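[1] Sequence plus the predicted model coming up.
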There are 2 protein chains.
Amino acid sequence: MPTVFEMTRPEQEALFEETKKQYEELKRLGLKLDMSRGKPGLDQLALSDEMLNMYIDPSETKVDGVEARNYGELMGLPACRRLFADLLGVRYEQVFIGGSASLELMYNVIAKAHTHGLLHSPEKWAKLDHVKFICPAPGYDRHFTICETFGMEMITVPLLDDGPDMDMVEELVKDPCVKGMWCVPKYSNPDGVIYSGEVISRIANLKPAAPDFLLMWDNAYCVHEFDGPFLPFVNILDACEKAGNPDMVFEFASTSKITFPGAGVSCFCCSEANMAYMKKLWNAQIISYDKLNQLRHVKFFGSAAGVHEHMKKHAAVLKPKFDIVLDTLESEIAPLGIADWHKPKGGYFVSLNTMEGCAKRVHALCKEAGVVMTGAGATFPYKCDPKDRNLRIAPSFPPCEELAQAMQVLCIAIKLAALEKVLG
Amino acid sequence: MPTVFEMTRPEQEALFEETKKQYEELKRLGLKLDMSRGKPGLDQLALSDEMLNMYIDPSETKVDGVEARNYGELMGLPACRRLFADLLGVRYEQVFIGGSASLELMYNVIAKAHTHGLLHSPEKWAKLDHVKFICPAPGYDRHFTICETFGMEMITVPLLDDGPDMDMVEELVKDPCVKGMWCVPKYSNPDGVIYSGEVISRIANLKPAAPDFLLMWDNAYCVHEFDGPFLPFVNILDACEKAGNPDMVFEFASTSKITFPGAGVSCFCCSEANMAYMKKLWNAQIISYDKLNQLRHVKFFGSAAGVHEHMKKHAAVLKPKFDIVLDTLESEIAPLGIADWHKPKGGYFVSLNTMEGCAKRVHALCKEAGVVMTGAGATFPYKCDPKDRNLRIAPSFPPCEELAQAMQVLCIAIKLAALEKVLG
C-alpha cells in the first residue's frame, strides 16, 4: 500500500471521499467516548478495593511510637517513609510524606520558592522581575499550569528520544534567571520516553548560574511498566550529590496510579539540608498529613516488593489497552505515512505526532464524532504546539471496546485531516 | 482563708516554705506529663474507630455521579459539601472541601493572597512593603506562625469577654496596610470566649480601607460544646453579605476534633464570587483532594444531626477533664487571689492568667517537675505576652489521673511563682 505521499491525486481524492463517508457513518453512532485524561480505569481501581475495606485494629494504629489517629509527625508515618525510601532508593531522612497529591507538593515547593526562597536563594522569587523555567516538551500540562500561575516564563526545550535536548539545556542554565526545570524521567508524559543514563548524568552535573536552580524531578511513573519487567532507575538525589549539586533536586512520587487517584499517598525527596529548610517552612502550613491513609498503604503493600507485585496487576489491565492503541495505529495509519508515535512500555500515554498543522483539526474532528481527546497543544507551554502536530492519547480510562471504537474515530480523523491538508 | 495579698509577711513566708517542700516532693516523683497541645485523648479517638474499619462496598463509591476512588471534583464530594453546608448553615455553592487540615487551607488562602492577590486586591501582597494583620490575643499560636512566615506585621488587639476589642479594630482597619484579621468566634483558642452577636455584627460591618481585607474566620470549635447544649452560631458569610461585605470573609472548619486529628476532612466557605476566583487558582495546585475520606465521613455521620450526636460523646469524655482543671484551680488557687481564668463550656483550653510577670516562671517550674505546658507567651503574637501572665492549659490529651497530677504540679508552680514575686 502506498503512503499518502506516494499516491496520485485521484487516489488521494478517492481515499478522502471514502474516509469522509466512514467519518459520517461514525458520527451517526452518537458516540460519547473519553480519551482525555490519564485516569486509571474502573478495573484498575478495583485492584485496590481491599484497601477500601481494610481492617485496622485500633491497637495497630500506633506504629514506631506514632499514633496514626492523632496529630503529629509532620514528615509522615516512619513506616511509610521507609516504604518510599525503599521504592525510590533514597535515604529515609530524605523522604517527606504529603497528602494525597504529589502535584500539590510540587506546587508547594514552587510556591515556597516565591514566598520564601529556596535554601540557596539570594532572594525570594516573588521579588524577581524574571523567573524562567525550562520545560521539555511535549510535557505534562499541569507542570506548565504551575509555571503559568506563578507568572514564570516557560522556555520550551525539545524532548528527544533519550530525554531533554541537553545541549540546549546546558546553554540555557547559564542565564541566572533560569531557575529550574521540569523532568519526568521515566515514561515521560506523554511520550513515554526514558531518560538515558548519559542525559541524567548531564542533568545532575549541570552548572546553573542560579544558585537556587530547582530540578523538579517528577518520578510519576517510576514503577509503572505495563510491558516487560521493572526497569531500575537512577537515584537522582545520589547523582546530584555526587556531582556536587546535592541541593539542586526535589524528587516527587505518589501512589495515585498505584492505589486510588486523588486518595493515595504522595511524597517528596530531597537532600537533608533541603529537608531541614523545608521542614521549618512546612511547619507553618500543617501539623501533619493523613497518617491513617499512610498506614493503610503500608499495610496494603508490606514492602517495596509488594508495590512491584501490585503493579503487575495494573500491567495486566493496561497492556491490552495500549495494544489496542498501538495496533490500530500500526494497521490504519502507519502504512499511510501521515503520523508517527512512540511505543512506550510504561506510563499512561501514547504521544502521537500528526502531519504538521493537523493536530487541532484532528482534535476537532474527534470531538465532532463524540471522542474527547486532551486538547491539541496541551502538551506544550502556553498550550502552543509550534508545529500543531502533537496529540496525547490516554488509553487507561475507557473499557477496551470503547477504546477500540475511539481509536477507529481517531484514525479516521487523522486520515481526514491529512488528506484535507494534502489536497489543499 | 486570706488571699496572698491579705497575708502578713510571716504567713507568706510560711506558705512559701510549705509550697516549696510540696514542689520538691512532686519533683522526686519524676513525672512525665503533657498538657501542651490541644490533642484529643485516646478515649476520644476511639469514638471514631468505627470509621477506621468502615465497610465501603465498591458499588457505593460513586455518589452523585462522582467516583470517589478516582481523580476529579476539585471542590469535593457533593455529599460532603452538603454535610458541611448544613453544619455551618451556608449555601452548598459556598463550600470547598480540602484535605485533612483546615490549617493548610488557611495557609493556602494567605499564600495565594501573597502570590496572586485576592479577588479585590489591587496588587498581590508579595509586592507590598507592609502587610499588617490584626491578631486578637490571647490567640492561636499557629495563626500567628502563618503571619510570621509571610512576614506580615501582627497587631495585637485584646480579646475581651465578648470578642476582640472592636473600638480598636474599627480604628485599625482605617489603615490600608491592615489587610485582615484572625477570629476564632466560638470557644476561642485559648480563652473559650464566644463572640457576642454585637461584636460579630460590628465585624461584619467593618469598613476597611483595604479593598481586599481578609477576615479569617476559623470556626474550629463550631460544634464543640462539652458542657451544656449546642449553641447555634451566626452565619458569618450571611452577616457579611448583608453588611455589603460579601467577599470579605473566609470561614474554616474541620473534623480534626470530631473524628481523627490530622486524618479528618477540612473545608473553607466563602462567597460565590470568591469561590470562582479561588477555584481557578486552586486548579493549578491539585486535581482533587481525598474523596474516599470524605465518603467515609459522610457515611459515618449521615447528616449534620449525626455530627451533633457524635459531639455529645466527646463532651462526655471532655467534661470530667475540664472539671478536674477548673475544680483544682477553684480549690487551690482561687482563695489565694493569685490568678484568674475563664470557665469555658466548649473548645479545648482553659486560659489562665497568673500574676503579672509570672507565666514564664510557672512554665519553667512545671517543666522542671515533669509537666509540659504550652510555652508561656505562645498565645501572643511574636510569642510576646506583654504582661507575662497567660498560660494555656490543654486538658484533653492526658488521662484523668495524669491530668489531676499535672494540675497539682501546676497549682503548686502558680503559688510558688506568685510567692517568689511577692516576697521579692
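    That came through, no problem.
[2] Okay, domains of chain A per the record?
    A:4-45+A:309-423, A:63-302 (automatic domain parsing).
[3] which one of these lies closest to residue B:280?
    Each of those has some distance to residue B:280 by C-beta to C-beta; the shortest is domain A:63-302, at 9.0 Å. For glycine as for every other residue, the C-beta is placed from the backbone atoms N, C-alpha and C.
[4] Number of residues surrounding residue A:125?
    Residue A:125 has 26 neighbours, counted by other C-beta atoms under 10 Å in any protein chain shown.
[5] I'd say it and residue A:133 touch.
    No - checked against C-beta atoms under 8 Å, the pair residue A:125 and residue A:133 is beyond contact range at 10.3 Å.
[6] where do the contact lists of these two overlap?
    Residues touching both residue A:125 and residue A:133 by C-beta atoms under 8 Å, 6 or more residues apart in numbering or on different chains: residue A:179.
[7] before we move on, back to that, determine which stretch of the domains of chain A is the most buried.
    domain A:63-302 (a mean of 21; mean count of other C-beta atoms under 10 Å in any protein chain shown).
[8] all helices for the stretch 201-350 of chain A, in order.
    Using DSSP state H, counting those that start in this stretch, the helices of the stretch 201-350 of chain A run over A:236-242, A:272-282, A:291-301, A:304-332.
[9] Between these, which one is closest to residue B:261.
    helix A:291-301 (9.9 Å).
[10] quick revisit: need the domains of chain A in CSV with mean pLDDT and distance to chain B, can you?
    Below are these laid out as CSV (pLDDT from 0 to 100; distance: least, C-beta to the nearest C-beta, whole Å):
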stretch, mean pLDDT, distance to chain B
domain A:4-45+A:309-423, 96, 4
domain A:63-302, 98, 4
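[11] To residue B:367, which of those domains lies closest?
    Across the domains of chain A, residue B:367 has its closest neighbour in domain A:63-302 (19.8 Å, C-beta to C-beta).
[12] that older thread, is it possible to export the domains of chain A to a markdown table including distance to residue B:64?
    Output for the domains of chain A, formatted as a markdown table (distance: least, C-beta to C-beta, whole Å):
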| stretch | distance to residue B:64 |
| --- | --- |
| domain A:4-45+A:309-423 | 17 |
| domain A:63-302 | 16 |
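[13] wait, doesn't residue A:274 sit right on residue A:251?
    No - Residue A:274 lies out of contact with residue A:251 (C-beta under 8 Å); the separation is 10.8 Å.
[14] Pull up the overlap in contacts between those two.
    With C-beta under 8 Å, 6+ apart, residue A:274 and residue A:251 have no common neighbours.
[15] how about the helices of the stretch 201-350 of chain A in JSON lines, adding distance to residue B:395?
    JSON lines is the format used below for the helices of the stretch 201-350 of chain A (distance: least, C-beta to C-beta, whole Å):
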{"stretch": "helix A:236-242", "distance to residue B:395": "44"}
{"stretch": "helix A:272-282", "distance to residue B:395": "29"}
{"stretch": "helix A:291-301", "distance to residue B:395": "24"}
{"stretch": "helix A:304-332", "distance to residue B:395": "42"}
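[16] can you tell me which of those helices comes nearest to residue A:420?
    Evaluated over these, closeness to residue A:420 peaks at helix A:304-332, with 17.0 Å, by C-beta to C-beta.
[17] Then residue A:96 would be within a strand, right?
    Yes - assigned with DSSP: H, G, I helix; E, B strand; the rest coil, residue A:96 falls within a strand.
[18] Just grab the bridge partners of it for me.
    Counting by DSSP bridges, residue A:96 forms beta bridges with residue A:268.
[19] Show the contacting residues for it.
    A:75, A:76, A:81, A:105, A:267, A:268, A:269, A:270, A:275, A:278, A:279, A:282.
[20] Nearest to residue A:362 among those?
    Nearest member of those to residue A:362, counting by C-beta to C-beta, is residue A:105, at 34.5 Å.
[21] SS state for the closest one?
    Once three-state DSSP is applied, residue A:105 turns out helix.
[22] check contacts around residue A:99.
    By C-beta under 8 Å, 6+ apart, residue A:99 lies in contact with A:105, A:266, A:289, A:290, B:99, B:100, B:289, B:290.
[23] Could you look up the SS state of it?
    Per three-state DSSP, residue A:99 ends up coil.
[24] And the residue nearest the centre of chain A?
    Residue closest to the average C-alpha location in chain A (C-alpha atoms, centre = their mean): residue A:189, at 4.0 Å.
[25] which residue sits closest to that residue, ignoring its sequence neighbours?
    residue A:140 (4.2 Å; C-beta to C-beta, 6 or more residues apart in numbering or on different chains).
[26] is it true that the one you found touches residue A:182?
    Yes - in this structure, residue A:140 is within contact of residue A:182 by C-beta under 8 Å, at 7.4 Å.
[27] correct me, but residue A:246 touches residue A:240?
    Yes - if you go by C-beta under 8 Å, residue A:246 and residue A:240 touch, sitting 5.9 Å apart.
[28] Give me the common contacts of those two.
    Listed contacts common to residue A:246 and residue A:240 are residue A:271; contacts here mean C-beta under 8 Å, 6+ apart.
[29] okay but the residue nearest to the centre of chain A is in contact with residue A:346, surely?
    No - contact criterion C-beta under 8 Å: residue A:189 and residue A:346 do not qualify, at 11.2 Å.
[30] Put the alpha carbons of stretch A:276-284 into CSV.
    Presented in CSV, the C-alpha positions along stretch A:276-284 are these (Å, rounded to 0.1, in the frame of the first residue of the first chain):
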residue,chain,number,x,y,z
ALA,A,276,15.7,20.8,57.3
TYR,A,277,14.9,24.0,55.5
MET,A,278,11.6,22.8,54.0
LYS,A,279,10.5,21.2,57.3
LYS,A,280,10.7,24.5,59.0
LEU,A,281,8.7,26.2,56.3
TRP,A,282,6.2,23.4,56.1
ASN,A,283,5.6,23.6,59.9
ALA,A,284,3.8,26.8,59.3
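[31] sorry, back to before: okay, and the common contacts of residue A:189 and residue A:346?
    residue A:221.
[32] ok, residue A:4 touching residue A:339?
    No - with contacts counted by C-beta under 8 Å, residue A:4 stays clear of residue A:339, the gap being 10.3 Å.
[33] Find residues that contact each of these two.
    residue A:418.
[34] Which helix or strand contains the nearest residue to residue A:150 once chain neighbours are set aside?
    Nearest residue to residue A:150, sequence neighbours excluded (C-beta to C-beta, 6+ apart): residue A:114, at 5.8 Å. Following DSSP states H and E, one finds residue A:114 within helix A:102-115.
[35] name the helices or strands packed onto that helix?
    In terms of contacts (3 or more C-beta pairs under 8 Å, 6 or more residues apart in numbering or on different chains; DSSP states H and E), helix A:102-115 is packed against helix A:141-149, strand A:214-218, strand A:249-254, strand A:266-269, helix A:272-282, helix B:102-115.
[36] what are the ranges of the helices in the stretch 51-200 of chain A?
    So, for the stretch 51-200 of chain A - with DSSP H, counting those that start in this stretch - the helices run A:78-88, A:102-115, A:141-149, A:166-172, A:197-204.
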